[in-house]
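In: structure of the sequence below:
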Amino acid sequence: MSGFPGRRVLLAGLLATLACAPLPAVAQDMVVVPVRVIYPGETVTAEALREVVLRRPQRHMAEVARGPEELDGKVARRTLLPGRLVPLSSVREPYLVEQGTAVTVVFTAGALTISLVAVPLQSGAAGDLIRLRNLDSGAVITGTVMSDGTVRVGAS
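Out: Okay, the predicted model is just below:
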């Protein structure tokens, strides 16, 4: 350092500048984990969840729940363990139509509306396409589950 006397002053000034500069904010990934075991078929509630900071983000990680609103009211497809990440594929929307429970089926074409009672051959959530058996004729029909719990069929 004897060859360049201003070098020590320059280095000290650079360190002082860096020490005063604001540090960039570190983005913290938040995820949601269960606080207790949640079994398949059980409805997930916000009380059963806790938000935590993801310490080591993984590159090829499946899409996981980032907030309680993504899981609250959904139904577990598999066992969710405490403290473990919850892949979004591990939960589903609750069924509005249950297999074997009679539902109202509605067909609408213009001013014409026909309704009948049918038995679903499979369970379904809103928007799902399910098969049903007409109680009067025994015919198997296909319809879309609506948000009010009825099933809409259309002309094919």
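In: and Val105, how many neighbours?
Out: Neighbour count of Val105, defined by other CB atoms under 10 Å: 21. All C-beta atoms are positioned from the backbone trio N, CA, C, and that covers glycine.
In: so who does Asp44 touch?
Out: Asp isn't right for residue 44; it's Val. Val44 makes contact with Pro34, Ile38, Leu71, Asp72, Gly73, Lys74, Val75, Ala76, Leu80, Val91, according to CB atoms under 8 Å, 6 or more residues apart in numbering.
In: derive a PyMOL selection command for the buried subset of the residues you listed.
Out: To isolate the buried ones among the contacts of Val44 in PyMOL, judged by 16 or more other CB atoms under 10 Å, type:
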select buried, resi 34+38+71+72+74+75+76+80+91
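In: just the contacts of Val44: which are in strands?
Out: Among the contacts of Val44, DSSP state E puts Pro34, Val75, Ala76, Val91 in strands.
In: got the domain ranges for the protein?
Out: Taking automatic domain parsing as the criterion, the chain consists of the domains 30-92, 103-153.
In: lowest average pLDDT across those?
Out: The weakest mean pLDDT among the domains of the chain belongs to domain 30-92, with a mean of 89.
In: for it, measure first residue to last.
Out: 21 Å (CA to CA, to the nearest Å).
In: and the strands in the chain?
Out: Listed in chain order, the strands of the chain (DSSP E) span 30-34, 49-53, 75-76, 91-92, 103-109, 112-120, 129-134, 140-145, 151-153.
In: can you tell which of those strands is closest to Leu85?
Out: Taking CB to CB, strand 30-34 is the member of the strands of the chain nearest to Leu85, at 5.9 Å.
In: okay, now the sheet partners of the closest one, with direction.
Out: When pairing is defined by DSSP bridges, strand 30-34 lines up against strand 49-53 (antiparallel).
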